[in-house]
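**Q** Sequence first, predicted coordinates after that:
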Amino acid sequence: MSTAERTTTDSAAAAPGAPVRSSLPLVILPPPVPPALIRSRAPHPKIPQTKPERTALLEAIRRGLAAEPAVPPLRMEELHARARAAMAEVGLGEIHLDYAGVLVNNESWRDALAAVPYHRRLLLMPKCLRVESRCPAPFDEFGLLCKSCGLCSIQDFQAEAERLGYAVLVAEGSALVMAMIQTGQIDAIVGVSCLPVLEKTHPFVEAAAIPAVAVPLLQDDCIDTMVDDDWVWDYIHLEAADTSRRLDLGGLQNTVKTWFEPAVLDELLGPAEGHAERVGREWLGVGGKRWRPFLAAAVHAALVPAPTPAQEASLKKIAVAVECFHKASLVHDDIEDGDLERYGEPTLPGAYGVPVALNVGDVLIGEGYRLIAESGLDPATITAAVREASQSQRLLCRGQGEELAWSRTPTALASRQVLEIFRLKTAPAFDVALQLGSLCAGRGSELAEVLRTFSEAVGIAYQIKDDLDDLQDDAGLLPGAQPRPSVVLALAAERARGADRDLLGRLSRGEHVAGVTAERIRGAIAECKADEKAALLLEGYKEQAIRALDGLLEPTLKGLMRRVLGKIFDEVSFEGYCREAEQERLRHAKTEGAAKASAPAVEPAAAVVERA
């Protein structure tokens, strides 16, 4: 079912006093998520400070345990030895040893936890996850009685765990838990706690010798604490049939990148004939994260754990076809937007001119369809793959068409209309990758609807992330930047008051406002909390993507898609653009500048490494 609601908007939904495009449907918004999901606090110094660092450490620990399996419970000495090996691999210091040891312990119990039925597990959470100043929940002798007020993540974890069959406690202390273990009421624990508590309780859990994993809180000051929510979600849903944890997604992504090396592309496509094919091949080989072919390969890996050489060859052609379509869309986007540079490098029209670039984009579309036709799949599957690819291209062009029509005659768009453009323009690129990977695995028709719903949510979330990233880029905010529909600006125009409302309404309509600075725009956006609203929408669509997976009956694919979602959005963080945050960044910049000025000549390189 599409997330687009086929209704039109009224003028109250957009900037005041401006005509509203009523022909563009409104997207259906996801259910609200707790505001606490976007609050930002620095982790404790003993914990790696960024999510990518923590994820890299966890993946290194998983690789180590895959290479040298361990039988839990592990003694502290072995936990530390394995933790140090993983930290050395990813370049983290000794200060993170206790944190890494907890992760080693968790992963050593992973398979054992997965084998325990949900109804024999306990989810144990601390009350400090709540928003203390606003939490309405009372306490009794068993802990906090959540009122499901929607302010924090406790209610979501509790509701999902109870739906699966868990017993749930929101309480501190180990006495009650140990009593439940000793009376045989539970056979496994999924917990959330701070490092000091985990250090104290480790001997008891080790003595009990039952599967126990605990996701560390990012702070230990017992008030308004935070946790890596997706890790909690992952452990809650572990089940024996889900073997996705054995898939090395980092390794798979690196493998996919090798498919775009010149020799491999020549092997798949044959020698390039003529100037257009040579330029197209060169453009196809330009680096990137290769998310879309990676998604196709990841779905296939989940559904076909031991592919034959013929299946691997088919997958490789299908994955490269997906990237051909994506690269073609980028070329055409650059032409339509008049972009001659990206990230300081010439785009294809910037390097070769519009006529050549246009032709190369068309060549890449043709190459994509040729790869599908020559993939070696059976005729019915090839037909279905062509249908999926053409439908994806049609939807993407409709979304781009709406954006181009807006750029010719900019008018106010409601935020939900902007999200509808995102749905049309971005979601199809994710959907075609997942659908073609599933078709290549022989499972297309049964999974199509779930994957499509997942893709729509991911595509919208990805574009919201892009809009939030643009807030940090002065060039994207100042006059002279190519205007395009922005959900952040649309939300700001809807929410602002006074002079800010006029300014943000004009910007949301694509007008150039002379004399305005990036700081002024960021300040106006922060004043009406449009950035916070956009960040909550981002989290809401990510949550909607996860909920879409409830319809999957394939545990390994379900687990994989949760991991893929985390991998795509790992680098997203909401810092806020309020005055206090802006002042803090300025203070940091001044301090850093003073340090550079007084440092010896050899210091700046070290400073750059430290910041990186």
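**A** Sure thing, it's come through.

**Q** pLDDT weak spots in the stretch 401-550 of the chain?
**A** 474-481 (pLDDT under 70).

**Q** I should have written the stretch 101-250 of the chain there, sorry.
**A** Within the stretch 101-250 of the chain, the stretches with pLDDT under 70 are 129-153, 172-184, 200-208, 245-246.

**Q** Swap in 80 and give it another go.
**A** For the stretch 101-250 of the chain, the stretches flagged by pLDDT under 80 are 127-155, 171-185, 197-209, 222-224, 241-248.

**Q** Tell me which stretches of it form helices.
**A** Under the criterion DSSP state H, counting those that start in this stretch, the stretch 101-250 of the chain contains helices at 110-115, 154-164, 175-182, 195-208, 229-236, 249-258.

**Q** do you know how far N105 is from V215?
**A** 11 Å (CB to CB, to the nearest Å). Using the backbone N, CA and C atoms, a C-beta is placed for each residue, glycine as well.

**Q** How about E403?
**A** 40 Å.

**Q** neighbour-wise, which of the two wins?
**A** V215 (24 against 18; other CB atoms under 10 Å).

**Q** Show me what the more buried one bridges to in the sheet.
**A** V192 (DSSP bridges).

**Q** and the protein, what are its domains?
**A** When the chain is parsed with automatic domain parsing, its domains come out as 118-238, 249-569, 580-611.

**Q** Can you lay out the helices of the stretch 101-250 of the chain as a markdown table showing mean neighbour count and distance to E367?
**A** Shown next, in a markdown table, are the helices of the stretch 101-250 of the chain (neighbours: other CB atoms under 10 Å; distance: least, CB to CB, whole Å):
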| stretch | mean neighbour count | distance to E367 |
| --- | --- | --- |
| helix 110-115 | 18 | 42 |
| helix 154-164 | 18 | 44 |
| helix 175-182 | 15 | 59 |
| helix 195-208 | 16 | 52 |
| helix 229-236 | 20 | 36 |
| helix 249-258 | 15 | 17 |
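
**Q** and of the domains of the chain, who's closest to A60?
**A** Among these, domain 249-569 comes nearest to A60, with 9.5 Å by CB to CB.

**Q** Quickly find the element holding E282.
**A** Applying DSSP states H and E as the criterion places E282 in helix 274-285.

**Q** Show me the contact partners of the helix or strand following that helix.
**A** With elements assigned by DSSP H and E, the helix or strand that comes after helix 274-285 is helix 291-303. With contact meaning CB atoms under 8 Å, 6 or more residues apart in numbering, helix 291-303 is reached by 244, 247, 249, 252-253, 255-256, 259, 307, 311, 315, 318-320, 322-323, 326, 429-430, 432-434, 436-438, 440-443, 451, 554, 556-557, 559-560, 564, 568.

**Q** is it true that H326 touches A429?
**A** Yes. Counting by CB atoms under 8 Å, H326 touches A429, with 5.8 Å between them.

**Q** Kindly tell me how buried Q393 is, as a neighbour count.
**A** With other CB under 10 Å as criterion, Q393 counts 19.

**Q** repeat for R290
**A** Count around R290 with other CB under 10 Å applied: 21.

**Q** Please apply the same query to D221.
**A** D221 has 11 neighbours, counted by other CB under 10 Å.

**Q** quick one: it from I47, how far?
**A** Where I47 is concerned, D221 sits at a distance of 13 Å (CB to CB).

**Q** next one: V432
**A** Separation of V432 from I47 (CB to CB) stands at 38 Å.

**Q** hey, where'd the strands end up in the protein?
**A** 4-5, 26-27, 121-125, 139-140, 143-144, 167-170, 188-193, 212-216, 341-342, 345-346 (DSSP state E).

**Q** Stretch 493-512: how far from the chain's middle?
**A** Put simply, stretch 493-512 sits 29 Å off its chain's centre (CA atoms, centre = their mean, to the nearest Å).

**Q** can you give me how far the helix holding E282 is from the chain middle?
**A** 31 Å.

**Q** what do you get for stretch 486-500?
**A** 25 Å.

**Q** Let's see it as PDB, backbone CA atoms only.
**A** Written as PDB, here are the backbone C-alpha positions of stretch 486-500 (Å, rounded to 0.1, in the frame of the first residue of the first chain):
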ATOM      1  CA  SER A 486      13.000  21.400   1.200                       C
ATOM      2  CA  VAL A 487      11.000  19.800   3.900                       C
ATOM      3  CA  VAL A 488      13.000  21.800   6.600                       C
ATOM      4  CA  LEU A 489      12.100  25.100   4.900                       C
ATOM      5  CA  ALA A 490       8.500  24.000   4.300                       C
ATOM      6  CA  LEU A 491       8.200  23.100   8.000                       C
ATOM      7  CA  ALA A 492       9.800  26.300   9.000                       C
ATOM      8  CA  ALA A 493       7.400  28.400   6.900                       C
ATOM      9  CA  GLU A 494       4.500  26.600   8.400                       C
ATOM     10  CA  ARG A 495       5.700  27.100  12.000                       C
ATOM     11  CA  ALA A 496       7.400  30.400  12.100                       C
ATOM     12  CA  ARG A 497       6.000  33.700  13.400                       C
ATOM     13  CA  GLY A 498       6.600  37.400  12.700                       C
ATOM     14  CA  ALA A 499       9.500  38.500  10.500                       C
ATOM     15  CA  ASP A 500      10.900  34.900  10.500                       C
END
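
**Q** For it, buried residues please.
**A** The neighbour-count check on stretch 486-500 (16 or more other CB atoms under 10 Å) flags 486-496, 500 as buried.

**Q** which of the residues you listed sit farthest apart?
**A** V487 and D500 (17.4 Å).

**Q** how many neighbours does Y166 have?
**A** As a measure of burial, Y166 has 22 neighbours, counting by other CB under 10 Å.

**Q** That one: what's it in contact with?
**A** With contacts defined as CB under 8 Å, 6+ apart, Y166 is in contact with 118-119, 121-123, 190, 236.

**Q** Give me the distance between stretch 527-538 and the centre of its chain.
**A** On CA atoms, centre = their mean, the centre of stretch 527-538 falls 17 Å from that of its chain.

**Q** Alright, calling it a day.
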